[in-house]
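> here is a sequence with its predicted model. Questions after.
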Amino acid sequence: MDYQVLIVDDHPLYRAALKGAVAAACTDCEFFEADSVAALLDSLDIHPHTDLLLLDLNLPGAYGFCALAHLRGSHPELPVIVVSAMDDLRTVRQAMAFGAQGFVSKSADAGTIGRNVLSVLRGEYLPAAGTAAKPEPPSDAAALDLAQGIAQLTAQQFRVFGMLCSGRRNKEIAYELQITEATVKAHMTAILRKLGAANRTQAVLLAGRLLLDPSDVKPPPEETE
């Protein structure tokens with residue numbers, strides 16, 4: 001059986017290393033690559049039958065766990081393994097809570113990565129080493145509620161949301177996505193409704209709950225919705 005594996009990381013050398021590790025363990029894999037969330041979404045449109053996604057957390061446009069939360073809504077059947085250099089217990093548990101099927105540290109050796117990928121391709125849930133033996137921390141109900149809201153966003157709404165979180169104005173978003181400002185405002189209205197936010201600033205502040213470092217929150221410039 002041939003598997004389609006999408007590797008998403010903004011460092012080409014690490015993408016090559018991941019590809020090599022997986023190829024050594026799975027000889028019947030076809031690989032696709034993306035270096036940003038925008039490229040990730042485009043790739044999934046082109047390859048809708050992708051069997052596995054290897055997702056870097058520190059990815060342009062990911063905004064912490066927001067991209068993972070969105071994927072759980074837009075592609076609930078797609079297994080996701082989070083691959084990250086941030087492998088502390090809190091980050092690992094958050095990744096699993098927001099819908100990852102597995103977690104692989106970037107410090108893992110090629111053999112471990114290959115075995116983990118094969119396990120997930122077989123349909124296994126892959127808790128990270130050391131997490132099962134330790135007590136779970138209290139769930140952040142507000143963060144999980146927000147993740148559910150982000151999961152309801154369409155792909156285009158998530159693109160707009162990501163640009164909002166990056167501090168772009170409606171005019172800049174419209175230019176980059178090649179749509180009208182009126183369309184951006186319509187998307188923004190839908191985003192605020194789905195996230196339960198009163199305005200752009202509140203939406204970005206709420207999204208801070210899903211950041212790897214909440215201090216990275218950047219309130220957007222004020223605009224009329």
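In hand now; what should we look at? Because the structure is a prediction, the values reported are computed rather than measured. Residues are numbered from 1 along each chain as shown.

> chain center to the least confident helix or strand in the chain by mean pLDDT, what's the gap?
Using mean pLDDT, DSSP states H and E, helix 89-97 stands out as the lowest-scoring helix or strand of the chain, at a mean of 88. Offset of helix 89-97 from its chain centre (CA atoms, centre = their mean, to the nearest Å): 13 Å.

> can you give me the strands in this structure?
3-8, 29-34, 52-56, 80-84, 102-105 (DSSP state E).

> and the least confident helix or strand of the chain, what does it pack against?
Contact partners of helix 89-97 among helices and strands, from 3 or more CB pairs under 8 Å, 6 or more residues apart in numbering; DSSP states H and E: strand 80-84, strand 102-105. Backbone N, C-alpha and C define where each C-beta goes, glycine included.

> may I see the buried residues of it?
Under the neighbour-count criterion of 16 or more other CB atoms under 10 Å, helix 89-97 has 91-97 buried.

> next one: stretch 176-184
Going by neighbour count (16+ other CB under 10 Å), the buried part of stretch 176-184 is 177, 179, 184.

> could you pull up the residues touching the second one?
The one in question is residue 179. With contact set as CB atoms under 8 Å, 6 or more residues apart in numbering, residue 179 has no partners.

> contacting residues for the nearest residue to residue 23 once chain neighbours are set aside?
Excluding its sequence neighbours, the residue lying closest to residue 23 (CB to CB, 6 or more residues apart in numbering) is residue 29, at 6.2 Å. Going by CB under 8 Å, 6+ apart, residue 29 touches 2-5, 22-23.

> residue 192 and residue 200: what is the separation?
Distance check for residue 192 against residue 200: by CB to CB, to the nearest Å, it reads 8 Å.

> more neighbours: which of these two?
Neighbours per residue, other CB atoms under 10 Å: of residue 192 and residue 200, the larger number sits with residue 200, 22 against 19.
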